[in-house]
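Colleague: With the sequence up front, the predicted model follows.
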Amino acid sequence: MQTRLVRYVGVIADYPSRALFSWYLGLIAVGTLLLLLPACRAPGVAPFGFVDALFTATSAATVTGLMVLSVESQLSFTGQAVVLALIQLGGFGIMSIGTLLFVSATGRQPVRFHVLTKETLGAPLGADVKRLILLVAAVTITVEAVGAIALLLARLGDGPFLDVLWWAVFHAVSGFCNSGISLQDASLAPWAGDPAVILVMTGLIIAGGLGFPVLLDLRHVSKTGRDRRSLRFHTRLVVTATLILVIGGTIAIWWLERGHALAHMAPVDALVNALFQSVTTRSAGFSTLPIESMVYPSLFVLMLLMLIGGSSCSTAGGIKVPTVSVLVLQAKALLRHDWQMNAFHRRVSDRALLLAVTVTATYLVVLTLGAALLLVLETRNMPRAAAQGEFLDVVFEAISALGTVGLSTGATGRLSEAGQVVVVLMMLFGRVGPLAMASSLLRRPQGPKIRYPQSEVIIG
């Protein structure tokens, strides 16, 4: 059996993007079958439809957060535990767990599995696979445990201890994994006036969105006591860009919503909720503000943040912070007529730029196709006068699904089964990642090595 396992895993490992798809499809399939069991339904709830169970399992496994079933009223404790397990496995990366099981079972670390680990976690090719994944697991469990304890202390006395404990554990895992799935249909709106809960969740979401390579680098520097200038270039770029996005998003949301969604809050609460919404929008999908009642400029800001997403090799989705950062650095270099793009006195490689352009182009093509298909399926029979606001709602839904965010203006509950299937596919693509989809970038160039004459193209 061990030989067969090695042979099977080795075959799918030859093509990392296929391997990632295979593992996630398996996780979604198991989750769908479990959610169809009577034990996962709350008492008195009718059996779930297959598409509803598939949608919920995909949303949990891909840590998106869009829901057609109510976790609060339609799922039993067993059903909630299944959803939590899907979130944890999806957030940690089922490919990482598969790699760990393979290495543990065989004691081997083939080169192709170093490549898989590099793609999933951003680790150097020479890193010890088993040790690395165990370290990632340790960091994940530690952060989630600290978050759960902090949430428990923040809500201690709000109800029966075991209920509050379950709430704290569920939301700590969901927050770090950037899933946005809550035990309440109103998400975190009931705690909009509780800074302790909101700030703990903010910290969990940021930690999960930074990515394991950044967390491991920060941990190593803090543990060894080295100067922060010894941080890797990737870490410095991600942390700087994240701070800019968080601060910029907070200011924009506060300014645009101070007379609307934030009008009834005290100044401190308004600032905390604007901060939280800025952080959660880039992938987590929790909300303390009514998204469907926010003004159009705010929704546009949210869509931009959802498009960007979090960092590479993180639990977040989107085009990714490093990708956008490289494009911005290249634009700055061109505008300033610099001969190279650089930051922190380091030059960014041309390969990084090519990957960034490819990932962005692929992402936008999939987004355009998905949004167009949703518009056809959901609004093709609606006259323009009757479809007021539907265009924005559908496009917002598409961006949220592809970015594995989970925010919605209310369109999720109105989707047809065909529309739900489209969203399922977009969530799967968004979680596996545009870089993994572009499998041609991971394969050696085919054909003769011929260098053709160079020609110029007029751009802009």
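Modeller: Right, received. Where do you want to start? Numbers count the residues shown, from 1 in each chain.

Colleague: longest single helix anywhere in this protein?
Modeller: In terms of residue count, the longest helix belonging to the chain (DSSP state H) is helix 350-379.

Colleague: which helices and strands does that helix pack with?
Modeller: Under the contact definition 3 or more Cβ pairs under 8 Å, 6 or more residues apart in numbering; DSSP states H and E, helix 350-379 sits against helix 321-335, helix 390-402, helix 417-432, helix 434-437. All C-beta spots, glycine's among them, are computed from the backbone N, C-alpha and C.

Colleague: what pLDDT, on average, does that helix get?
Modeller: Mean pLDDT, computed over helix 350-379, is 89.

Colleague: Most tightly packed of the helices and strands packed on helix 350-379?
Modeller: Greatest average neighbour count among the helices and strands packed on helix 350-379 goes to helix 390-402 (a mean of 24), per mean count of other Cβ atoms under 10 Å.

Colleague: Only C-alpha atoms, please: export that one in CSV.
Modeller: Taking Å, rounded to 0.1, in the frame of the first residue of the first chain, the C-alpha atoms of helix 390-402 are listed here in CSV:
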residue,chain,number,x,y,z
GLU,A,390,-28.2,44.0,-9.7
PHE,A,391,-25.1,44.8,-11.8
LEU,A,392,-23.2,46.1,-8.9
ASP,A,393,-24.4,43.2,-6.6
VAL,A,394,-23.4,40.5,-9.1
VAL,A,395,-20.0,42.0,-9.8
PHE,A,396,-19.4,42.5,-6.1
GLU,A,397,-20.3,38.8,-5.6
ALA,A,398,-17.9,37.7,-8.3
ILE,A,399,-15.0,39.7,-6.9
SER,A,400,-15.8,38.4,-3.4
ALA,A,401,-15.9,34.8,-4.6
LEU,A,402,-12.7,34.9,-6.6
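
Colleague: what's it packed up against?
Modeller: Contact here means 3+ Cβ pairs under 8 Å, 6+ apart; on that basis helix 390-402 packs against helix 296-308, helix 350-379, helix 417-432.

Colleague: Next, format the ones you listed as a markdown table and append distance to residue 325.
Modeller: Shown next, in a markdown table, are those (distance: least, Cβ to Cβ, whole Å):
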| stretch | distance to residue 325 |
| --- | --- |
| helix 296-308 | 10 |
| helix 350-379 | 8 |
| helix 417-432 | 19 |
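
Colleague: picking that back up, nearest to residue 205, of the helices and strands packed on helix 350-379?
Modeller: Each of the helices and strands packed on helix 350-379 has some distance to residue 205 by Cβ to Cβ; the shortest is helix 321-335, at 13.7 Å.

Colleague: From the contact counts, what lies against the closest one?
Modeller: Counting by 3+ Cβ pairs under 8 Å, 6+ apart, helix 321-335 packs on helix 233-257, strand 342-343, helix 350-379.

Colleague: Tell me, how many residues neighbour residue 453?
Modeller: 4 (other Cβ atoms under 10 Å).

Colleague: How about the secondary structure of it?
Modeller: At residue 453 the chain is in coil, as set by DSSP: H, G, I helix; E, B strand; the rest coil.

Colleague: what's the answer for residue 91, then?
Modeller: Secondary structure for residue 91, judged by three-state DSSP, is helix.

Colleague: In this structure it contacts residue 172, no?
Modeller: No - Residue 91 lies out of contact with residue 172 (Cβ atoms under 8 Å); the separation is 11.5 Å.

Colleague: can I get the helices and strands packed on helix 321-335 in a markdown table with mean neighbour count and distance to residue 291?
Modeller: Converted to a markdown table, these look like this (neighbours: other Cβ atoms under 10 Å; distance: least, Cβ to Cβ, whole Å):
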| stretch | mean neighbour count | distance to residue 291 |
| --- | --- | --- |
| helix 233-257 | 18 | 11 |
| strand 342-343 | 16 | 34 |
| helix 350-379 | 17 | 18 |
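
Colleague: In a markdown table: those, plus distance to residue 83.
Modeller: Formatted as a markdown table, the helices and strands packed on helix 321-335 follow (distance: least, Cβ to Cβ, whole Å):
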| stretch | distance to residue 83 |
| --- | --- |
| helix 233-257 | 28 |
| strand 342-343 | 40 |
| helix 350-379 | 24 |
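
Colleague: Residue 335: which of these is closest?
Modeller: strand 342-343 (13.8 Å).

Colleague: Summarise which helices and strands that closest one is packed against.
Modeller: Short answer (3+ Cβ pairs under 8 Å, 6+ apart): strand 342-343 packs on helix 233-257, helix 321-335.

Colleague: Where does the prediction get shaky in the stretch 251-400 of the chain?
Modeller: Residues of the stretch 251-400 of the chain meeting the criterion pLDDT under 70: 385-386.

Colleague: Minimum distance to residue 63: which of the helices and strands packed on helix 321-335 has it?
Modeller: Comparing these under Cβ to Cβ, the one sitting nearest is helix 350-379, at 17.3 Å.

Colleague: re the thing from before, export the helices and strands packed on strand 342-343 to a markdown table and tack on distance to residue 295?
Modeller: What follows is the helices and strands packed on strand 342-343, written out as a markdown table (distance: least, Cβ to Cβ, whole Å):
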| stretch | distance to residue 295 |
| --- | --- |
| helix 233-257 | 6 |
| helix 321-335 | 25 |
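
Colleague: and residue 390, which of those helices is closest to it?
Modeller: Among those, the nearest to residue 390 by Cβ to Cβ is helix 233-257 (22.3 Å).

Colleague: what's the helix or strand just after the closest one packed up against?
Modeller: Downstream of helix 233-257, the next assigned helix or strand under DSSP states H and E is helix 267-281. Here helix 267-281 touches helix 195-210, helix 233-257, helix 296-308, going by 3+ Cβ pairs under 8 Å, 6+ apart.
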